[in-house]
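S.K.: return atomic coordinates for the entry below.
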Amino acid sequence: MEITFASSSSRDLPTISVSSSSSSLLGSSMPTRPVKIIPLQHPNTTTSSSLNPLPRALLSRWTAKVKRTTLVQWIDTFLPCCRWIKTYKWREYFQPDLMAGLTVGIMLVPQAMSYAKLAGLHPIYGLYTGFIPIFVYAIFGSSRQLAIGPVALVSLLVSNVLGGIVNSSDELYTELAIILAFMVGILECIMALLRLGWLIRFISHSVISGFSTASAIVIALSQAKYFLGYDIVRSSKIVPLIKSIISGAHKFSWPPFVMGSCILAILLVMKHLGKSTKQFRFLRAAGPLTAVVLGTLLVKMFHPSSISLVGEIPQGLPSFSFPKKFEYAKSLIPTAMLITGVAILESVGIAKALAAKNGYELDSSQELFGLGLANIMGSLFSAYPSTGSFSRSAVNNESGAKTGLSGVVAGIIMCCSLLFLTPLFEYIPQCALAAIVISAVMGLVDYDEAIFLWRVDKKDFVLWLITSTTTLFLGIEIGVLVGVGASLAFVIHESANPHIAVLGRLPGTTVYRNIEQYPEAYTYNGIVIVRVDAPIYFANISFIKDRLREYEVDADKSSRRGPEVEKIYFVILEMSPITYIDSSAVQALKDLHQEYKSRDIQICISNPNRDVLLTLTKAGIVELLGKERYFVRVHDAVQVCLQHVQSSSQSPKKPDPSAEDKPRIFKRLSKQREEDLSIAELESGDNKTSAPKHTKPHLEPLLSRKS
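M.R.: This next block holds a predicted model:
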């Protein structure tokens, strides 16, 4: 049986002598006992400074990438549809794409009219929004399953902002909705070209879930007027909506309520069956069409006067016209930015999930560019803002869509509807369209997420609750701002208060871990080993300094080993998790060094990465502390510091002239043996500072294996 030992004091391990620079750290009185120290390679500032600066390095990488890109690759970049066209397998892909496109197209026609009504627009503009953008996205979009067009959340945002500027019956209202689509498209293209999609990552999933839940409730209440038979106030806040519903209760009408409730119940049953049973999957997509057909038949049969109808819808395709009334663009910028954010979060998130599920890669910037062009071109043909739909994309994927051809088929269905079917839409009851909207947004009420967050992370649950509450009671814009602000506040708080761990040595190893996570790990008297699990910069350096002072004064002595000393001699900073250090942190380290120096405490640094060590070298910290205080491993630092603590704990003895004149070899050998045993036991975790003469050296085994 061959045994290797955790402590490098084992005589079985290869050792090297401590360097002269380390000797100056330890003092001349330390025992001249060999320990294994891996030398740290310090960067050469002269050669490092000759490296390309960051902008030049980025430019050189970009230039090299451009040179490597072929013409075919450039075409694939700007026209992602070429990727699937070149590899299209007609026998395998055409039938699923055709069926998926027909399914989504049939689902989109009634949904588009419903969402247009939600946005405060005539139903025809919903059909326009589901026409041109689909074809543009099929060419420039990178997702092969994403179904774009009008969606409930964006429609509510459009209604909320434009309703505060002009009355929905005014022609200016429609013009502003079209301008909004143009502005959203421009913003999305700019973000794509500058590759700024990463900014949305700062908005947590709990904020999106809380916002979607509150918005779904507001959307459902806003559609209640078509069920109740009387008008209610247009608002994105729950309190005015409820007050308006209660105050107009005397105008309640039974026919639209009964018809709307029955259609809603049918929609929910079909949706549930389509999700839960594979054999009835088609029912999920057929639900909106069933609602429209059923409602129209009931109106044709009974002619109820109390049920409002969609009315006349213009027949034909939209004409080309450039958006007007740009003098209102300034007031629309906040809403355009908000819709852009929602579009990125919803569309790109869905597109990435579907791409991963279907085994191909998706470029977020290309996706944004495709969405932006779809909105810009759509605004030229009277469309309001569009984005990816979660429900239609799910149906598209479940129906077997393989490529963007399914979107083209859905666009053809919409084109045929505009050309030939609009006269039939005149008799669609508005309560049927309202039922379609309500059934669609009910899936956005994410109470399961709230329960999950409560169990897993109370902080995220609080964020969800803040966002949903403020959105419900203060409005959508304020709700989003508060949610995003709270999300950023949590990020800043976590960054300014990083996790800091005191490390201890795991028994039988040279591994050092958090003593709170591993209570069996032990520390050493006179030494504090600290690990900062974050970059060090101006926002968190004060917190880190305060914690270091706390560890110095109030250290846990329950698991300490080694010599019995009353003060701290060394603070070892384990820097492997630190990826960045700024000038404020460098200055703070200098101040901390001077503060420690006045109390006879020395700082040692373990395992800094190349960039951090280069920063410390340029700032003069390496020379200030001394190169001998930088180590590759924590264990190396502990070995050197322990010997210094050991030598400091031994009180100096007065010289005996007679003993010096007549040294006895036995006593000298005995003393040297005691020192060696003391240090070996010290590293192995023995609390005793000296060993009895009859005790043999005992080192903790790290690994046992058969020879």
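
S.K.: now do the strands in the stretch 451-600 of the chain.
M.R.: Assigned by DSSP state E, counting those that start in this stretch, the strands in the stretch 451-600 of the chain fall at 500-505, 512-514, 523-524, 527-532, 560-561, 570-574.

S.K.: and those strands as TSV, adding mean neighbour count?
M.R.: Bear in mind the C-beta positions are built from the backbone N, C-alpha and C, glycine included. Shown next, in TSV, are the strands of the stretch 451-600 of the chain (neighbours: other C-beta atoms under 10 Å):
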stretch	mean neighbour count
strand 500-505	22
strand 512-514	19
strand 523-524	24
strand 527-532	22
strand 560-561	18
strand 570-574	23
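
S.K.: could I get the ones you listed as JSON lines with mean pLDDT and distance to residue 154?
M.R.: Formatted as JSON lines, the strands of the stretch 451-600 of the chain follow (pLDDT from 0 to 100; distance: least, C-beta to C-beta, whole Å):
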{"stretch": "strand 500-505", "mean pLDDT": "91", "distance to residue 154": "44"}
{"stretch": "strand 512-514", "mean pLDDT": "91", "distance to residue 154": "46"}
{"stretch": "strand 523-524", "mean pLDDT": "86", "distance to residue 154": "57"}
{"stretch": "strand 527-532", "mean pLDDT": "92", "distance to residue 154": "43"}
{"stretch": "strand 560-561", "mean pLDDT": "71", "distance to residue 154": "61"}
{"stretch": "strand 570-574", "mean pLDDT": "92", "distance to residue 154": "49"}
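
S.K.: could you export those strands as TSV, including distance to residue 455?
M.R.: Listed next are the strands of the stretch 451-600 of the chain as TSV, based on distance: least, C-beta to C-beta, whole Å:
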stretch	distance to residue 455
strand 500-505	26
strand 512-514	25
strand 523-524	35
strand 527-532	29
strand 560-561	38
strand 570-574	33
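
S.K.: which one of the ones you listed lies closest to residue 136?
M.R.: strand 527-532 (49.7 Å; C-beta to C-beta).

S.K.: which strands and helices sit next to the closest one?
M.R.: Packing contacts for strand 527-532, counted by 3 or more C-beta pairs under 8 Å, 6 or more residues apart in numbering; DSSP states H and E, involve strand 500-505, helix 541-553, strand 570-574, helix 634-649.

S.K.: can you say which of these is nearest to residue 597?
M.R.: strand 570-574 (11.7 Å).

S.K.: that closest one pairs with which strands?
M.R.: strand 527-532 (parallel), strand 602-606 (parallel) (DSSP bridges).

S.K.: now do it: everything it contacts.
M.R.: 503, 512, 526-532, 548, 551-552, 596, 601-607, 634, 637-638, 641, 644-645 (C-beta atoms under 8 Å, 6 or more residues apart in numbering).

S.K.: now that strand against helix 541-553, angle please.
M.R.: Angle of strand 570-574 versus helix 541-553, following axes from the mean of the first three to the mean of the last three C-alpha atoms, to 10 degrees, is 140 degrees.

S.K.: how about low-confidence regions in the stretch 101-250 of the chain?
M.R.: Applying pLDDT under 70 to the stretch 101-250 of the chain flags the ranges 200-201.

S.K.: sorry, back to before: now the strands paired with strand 570-574 as JSON lines including distance to residue 93?
M.R.: As requested, the strands paired with strand 570-574 are exported to JSON lines (distance: least, C-beta to C-beta, whole Å):
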{"stretch": "strand 527-532", "distance to residue 93": "53"}
{"stretch": "strand 602-606", "distance to residue 93": "57"}
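
S.K.: of these, which is nearest residue 389?
M.R.: Comparing these by C-beta to C-beta, strand 527-532 comes nearest, at 45.0 Å.

S.K.: what are the boundaries of the helices in the stretch 551-700 of the chain?
M.R.: 583-597, 610-618, 621-625, 634-649, 657-661, 665-684 (DSSP state H, counting those that start in this stretch).

S.K.: same check, this time on the stretch 1-150 of the chain
M.R.: Using DSSP H, counting those that start in this stretch, helices in the stretch 1-150 of the chain cover 20-26, 45-48, 54-68, 71-78, 81-86, 90-118, 123-129, 132-140.

S.K.: work out for me the element residue 437 sits within.
M.R.: When elements are assigned from DSSP states H and E, residue 437 belongs to helix 430-441.

S.K.: and the angle for that helix with helix 90-118?
M.R.: 120 degrees.

S.K.: can you name every helix or strand that helix 430-441 contacts?
M.R.: Using 3+ C-beta pairs under 8 Å, 6+ apart: helix 430-441 touches helix 90-118, helix 152-163, helix 205-222, helix 224-228, helix 254-276, helix 282-302.

S.K.: where does the stretch 501-650 of the chain dip in pLDDT?
M.R.: 554-560, 562, 649-650.

S.K.: still on that earlier bit, identify, out of the helices of the stretch 1-150 of the chain, the most deeply packed stretch.
M.R.: Mean neighbour count (mean count of other C-beta atoms under 10 Å) peaks for helix 123-129 among these, with a mean of 27.

S.K.: now it: how far from the chain's centre is it?
M.R.: 35 Å (C-alpha atoms, centre = their mean, to the nearest Å).

S.K.: do stretch 88-107 as well
M.R.: 34 Å.

S.K.: can I get it in PDB, CA atoms only?
M.R.: What follows is stretch 88-107 as a C-alpha-only set of coordinates in PDB (Å, rounded to 0.1, in the frame of the first residue of the first chain):
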ATOM      1  CA  TYR A  88     -34.800  21.900 -48.200                       C
ATOM      2  CA  LYS A  89     -36.100  18.300 -48.500                       C
ATOM      3  CA  TRP A  90     -39.300  18.600 -50.400                       C
ATOM      4  CA  ARG A  91     -40.500  15.000 -49.600                       C
ATOM      5  CA  GLU A  92     -39.900  15.300 -45.900                       C
ATOM      6  CA  TYR A  93     -40.500  19.000 -45.200                       C
ATOM      7  CA  PHE A  94     -43.200  20.200 -47.500                       C
ATOM      8  CA  GLN A  95     -46.200  18.400 -46.100                       C
ATOM      9  CA  PRO A  96     -45.500  19.300 -42.400                       C
ATOM     10  CA  ASP A  97     -44.700  22.900 -43.400                       C
ATOM     11  CA  LEU A  98     -48.000  23.100 -45.400                       C
ATOM     12  CA  MET A  99     -50.100  21.700 -42.500                       C
ATOM     13  CA  ALA A 100     -48.400  23.900 -40.000                       C
ATOM     14  CA  GLY A 101     -48.900  27.000 -42.100                       C
ATOM     15  CA  LEU A 102     -52.600  26.200 -42.700                       C
ATOM     16  CA  THR A 103     -53.100  25.700 -39.000                       C
ATOM     17  CA  VAL A 104     -51.400  28.900 -37.900                       C
ATOM     18  CA  GLY A 105     -53.100  30.900 -40.700                       C
ATOM     19  CA  ILE A 106     -56.500  29.700 -39.700                       C
ATOM     20  CA  MET A 107     -55.700  30.500 -36.100                       C
END
